[in-house]
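Colleague: Sequence first, then the predicted structure:
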Amino acid sequence: MGGCSFSVVVEGWSAESAFDEAVKSAQYEYGHGGYTGTIAEKSGFRLLHPPNLDRESPAFREWYERQSDANDKWGPAFCVVLAEPGKIGSLSKAQASVQAKKLFGPTAEVSYKGGRAEVRGESDKQAWGVNERLPSGKWRVTFAQAEGETAAEAYGKLFAQKGRYLFFGIASS
């Protein structure tokens, strides 16, 4: 049996969850029978740290080719973190404003620090946000009006964003 190279970029709250999603997706697309030449054949991954994350740079391409050639078709996939998952407050003000407008209308404005957010929407009522991490790894942001009434709940939309991961290697085919 031979081997095929594969490369897939996946979003996830962690490298582990992104890997699981990539494997499930490949199994759905190519089946569970084995020898698909995809990430579905890998049982795990090894995190690598390239010298340069600019995927268009010659240095990254050379490094990628060397690593790809060194991957064992029976060994783990290789993983490169392209973007870390976002933390509370890690979105830029512009990104947070876009998300607030989606939740509270086109005139919504947002300001935030750490685990607290203040949003002023079309009704001109101020809302406050409380953030908590769920067992699933997602963030729940609960917005409430100043009187304490729940205005909306958003999971991972305003203050957290998934990371991006590049998985690559050679898989049995």
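Modeller: Perfect, thanks for sending it. Numbers count the residues shown, from 1 in each chain.
Colleague: tell me the helices in this structure, going along the chain?
Modeller: Assigned by DSSP state H, the chain shows helices spanning 15-30, 58-70, 93-104.
Colleague: what number of residues lie near Lys73?
Modeller: A count of nearby residues for Lys73, using other Cβ atoms under 10 Å, gives 17. Any C-beta I mention is one placed from the backbone N, CA and C, and that applies to glycine too.
Colleague: so where's this protein shaky on pLDDT?
Modeller: Confidence mapping of the chain against pLDDT under 70 gives the ranges 1, 53, 86-105, 107-161.
Colleague: mind redoing it with 80?
Modeller: 1, 13, 52-53, 84-162 (pLDDT under 80).
Colleague: buried sites along stretch 63-79?
Modeller: Within stretch 63-79, the residues that qualify as buried are 63-64, 67, 71, 73, 76-79, counting by 16 or more other Cβ atoms under 10 Å.
Colleague: Just the residues contacting it, thanks.
Modeller: Taking Cβ atoms under 8 Å, 6 or more residues apart in numbering as the criterion, the residues outside stretch 63-79 that touch it are 3, 5-6, 15, 19, 39, 41-48, 50-52, 165-172.
Colleague: mind checking the end-to-end distance for it?
Modeller: The separation between the terminal residues of stretch 63-79, taken as Cα to Cα, to the nearest Å, is 13 Å.
Colleague: ditto for stretch 66-85
Modeller: Counting by Cα to Cα, you get 27 Å between the two ends of stretch 66-85.
Colleague: quick revisit: what's the most distant pair in the buried residues of stretch 63-79?
Modeller: For these, the farthest-apart pair by Cβ to Cβ is Trp63 and Lys73; their separation is 20.1 Å.
Colleague: need the buried residues of stretch 63-79 in JSON lines with distance to Ser57, can you?
Modeller: Written out in JSON lines, the entries for these read as follows (distance: Cβ to Cβ, whole Å):
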{"residue": "Trp63", "distance to Ser57": "9"}
{"residue": "Tyr64", "distance to Ser57": "10"}
{"residue": "Gln67", "distance to Ser57": "15"}
{"residue": "Asn71", "distance to Ser57": "21"}
{"residue": "Lys73", "distance to Ser57": "27"}
{"residue": "Pro76", "distance to Ser57": "25"}
{"residue": "Ala77", "distance to Ser57": "22"}
{"residue": "Phe78", "distance to Ser57": "18"}
{"residue": "Cys79", "distance to Ser57": "19"}
